[in-house]
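A.B. asks: quick one, what's the 3D model for this:
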Amino acid sequence: MLPMIFISTNIPDVGIDMLLGKANFEVWRDVPPPKRKYFLQKVSNADGVIAIPGAATKMDKEAIDAGKKLRIISSYSVGYDHIDVEYATSKGIMVTNTPGVLTDATADIAFGLLLMAARRMSEGERLMRSGKWRYWGPRMLLGQQVSGSSLGIIGLGRIGTALAKRAKGFDMELYYTGNSRKEDLEMELGIRYLPFKELLATCDFISVHCPLSPETEGLIGEEELKMMKPSAILINTSRGKVVDQKALARALQEDWIAGAGLDVFETEPIAKDDPLLKLPNVAMTPHLGSASVQTREAMASMAVENLLAGLEGKRPPNLVNPSVWKG
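C.D. replies: Sure thing, here's the model as predicted:
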């Protein structure tokens, strides 16, 4: 008897095709996510779930308890803060993710936001589209120089390392901070380690690349923003809750820092009345970090490969909670 799979988002066909003949499955095809009640109903009948971040589709204690037959939760993302991994582990449920395949795509977005915010390109485009561009002048929309400036990376993992490689092409001075030194990358990239607070006070650009955890939630708040240079720009492509969004809005309104480039937000989609939407010194994208055709297809393949392996009694290639594996 084939296992039952619920896919809570419309993943690329390359992943869906991998399930043909190997599982019974249902795919949520609409762009808005399913309602919570419907999601829980589908989870209750599933042997496996492909899960995405979101309030309605989070795999918390409620959803895990609903999944009486559930054997594996395959996250269609590298982050898995939308899954209660500890509770899933206590129930013997495997949890997997999709690391590595979205590294370059996310680093591209991070550096793109850095350029947009530094050179005020979003403001320039809005000015032109509004029909209000009436003149050119030597003081018009002056931004920050990127080439030769300093970049501080919070979290020198895969994506942080990929960003550093891009920044080297702009002759940027590279710094990083994290829980441990990475001397091999220091030699390879010419990047220097700085303690967290010193990095905030030193660098022209700060880019956040750490996972969301109880330790990193609110990592960048009012105190940290006030440590940064008034000319500094903050980039966040990790998770929205790593940055205190209200404190960031105030920092931008009151010129504690010069600008920000954001791909992630505390609540997604961002609320229509969020003050960040009214600020000119913010470059924003709607969580496009992994949004290239090649990356999203690779994520689909990896998510399904993880799922099928677990359901077939094999160890999934990207098992987040290896203590559940008894093979």
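A.B. asks: show me where the protein has its helices.
C.D. replies: 13-19, 36-44, 61-66, 85-90, 103-118, 121-129, 158-168, 183-189, 196-202, 222-227, 245-253, 293-311 (DSSP state H).
A.B. asks: deepest of these, which one?
C.D. replies: helix 103-118 (a mean of 23; mean count of other Cβ atoms under 10 Å). C-beta: built from backbone N, CA, C; applies to glycine.
A.B. asks: how much space between residue 11 and residue 74?
C.D. replies: 10 Å (Cβ to Cβ, to the nearest Å).
A.B. asks: ignore what I typed, I meant residue 243.
C.D. replies: Counting by Cβ to Cβ, the separation of residue 243 from residue 74 is 28 Å.
A.B. asks: how is this structure carved up into domains?
C.D. replies: Using automatic domain parsing, the domain parsing of the chain gives 4-101+293-324, 103-284.
A.B. asks: residue 213: which of the helices of the chain is closest?
C.D. replies: Proximity to residue 213, assessed across those by Cβ to Cβ, is greatest for helix 85-90 (10.8 Å).
A.B. asks: ok so, going back, kindly reformat the domains of the chain as a markdown table containing mean pLDDT.
C.D. replies: Shown next, in a markdown table, are the domains of the chain (pLDDT from 0 to 100):
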| stretch | mean pLDDT |
| --- | --- |
| domain 4-101+293-324 | 97 |
| domain 103-284 | 97 |
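A.B. asks: count of residues packed around the nearest residue to residue 244 once chain neighbours are set aside?
C.D. replies: Nearest residue to residue 244 in three dimensions, chain neighbours excluded: residue 221, at 4.1 Å (Cβ to Cβ, 6 or more residues apart in numbering). Neighbour count for residue 221, taken as other Cβ atoms under 10 Å: 14.
A.B. asks: and the end-to-end length of stretch 74-89?
C.D. replies: 13 Å (Cα to Cα, to the nearest Å).
A.B. asks: centre of the chain to it, how far?
C.D. replies: Relative to its chain's centre, stretch 74-89 lies at 14 Å (Cα atoms, centre = their mean, to the nearest Å).
A.B. asks: joint contacts of residue 11 and residue 74?
C.D. replies: By Cβ atoms under 8 Å, 6 or more residues apart in numbering, residue 11 and residue 74 have these common neighbours: 50, 303-304.
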